[in-house]
Structures are given as structure tokens and as C-alpha cells.
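Student: Quick check, what structure comes out for this input:
(one chain, ligands or ions: 1)
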Amino acid sequence: MLLISCPNCGSRDETEFHYGGQAHVAYPENPNELNDREWAEFLFYRDNTKGAFAERWLHSTGCRQWFNMLRDTVTYEIQAVYAMGTPRPAAAPPAAESGTASTAPDSTTTGTAGPSIAATSTATGTASPSTTAPEGATK
Ligand SMILES: [Zn+2]
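Tutor: Alright, predicted model coming up:
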């Protein structure tokens, strides 16, 4: 069970909220210029991120306001709650992998900005790629 901190109401139980999918999916500027595949990708294709993931949430039984949340899809740790329309905050480094990150400081520096998280997760994910999925599914 998650304890979600609504920006308007404070910390409330997860059951008061509804998940709204991936955040920051911009509507196409000229939808009529898209072909069928591009339109389908806008409608149906979403990231399946392992790690920090920006998602929309609705406080449906509280203030009925939408907000964005940055949540780790592996640990369920809520890293940030922020208003709709504001840019995504920087993701905190994975807490579980901070101990193993000392063995690969060069790999994080070569992957420059945002992709550094993906680089570290793939570097450490090679140790146990199949064992982490069932853990996340059971939680
Ligand atoms: Zn609220």
C-alpha cells in the first residue's frame, strides 16, 4: 500500500487515488499530419521504465485534482510529487543500487544526462534481469 502525498490534501492512502498513466505525453501539434502508425504510437505506446517513472495520478476521493508523481517502478519509492504542467524533476539515484554503483563510476559518467539512470540499471540489471520482474509483480 502506498502512502501518497497529495499536493493539496497531504498524505493519504493509495485507495483514494486513481492511476492516470504515463505523464508528459504531449498531444501531437498537427495530428492530421500523422500516419496511422504514428497516431497509434501516440495513443497506445507508453514507456515501460524500470526505475524512476513519471506518471499521472488523480486524487479521486479527495480534491479531485490531477498531479504528477515520480515513482520508482522497482522499489515503489515515491521520489517527487509535482503539479501538472511543470517539468519532470531529476530522478534520485536508485537507493538499492547505490552500494553497487561504486564498482561502475565510469559507466555513469560516460552516459551524460538523463540516460545515466538507464545505463546504470542496465549495467547492474545484467546480474539479475529475470529475478527482479517477479518481485515487482508480487508487491
Ligand atoms: Zn487531494
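
Student: Count the neighbours of residue 55 for me.
Tutor: Look at residue 55: counted by other CB atoms under 10 Å, it has 18 neighbours. For the C-beta atoms, the positions are set from N, CA and C on the backbone; glycine is no exception.

Student: Wasn't it part of a helix?
Tutor: No. Under DSSP: H, G, I helix; E, B strand; the rest coil, residue 55 falls outside any helix and is assigned strand.

Student: ok, now how distant is it from residue 34?
Tutor: 24 Å (CB to CB, to the nearest Å).

Student: repeat for residue 41
Tutor: Per CB to CB, residue 41 is found 9 Å from residue 34.

Student: Residue numbers of this protein in contact with the ion?
Tutor: Applying CB under 5 Å from the ion, we find that the chain lies next to the ion at 6, 8-9, 59, 62-63.

Student: For those residues, give me TSV that also has pLDDT.
Tutor: Listed next are the residues of the chain next to the ion as TSV, based on pLDDT from 0 to 100:
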residue	pLDDT
6	97
8	96
9	96
59	98
62	96
63	97
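
Student: Can you tell me which of those residues end up in strands?
Tutor: Counting by DSSP state E, the residues of the chain next to the ion place residue 6 in strands.

Student: now the residues of the chain next to the ion: which count as buried?
Tutor: 6, 59 (16 or more other CB atoms under 10 Å).
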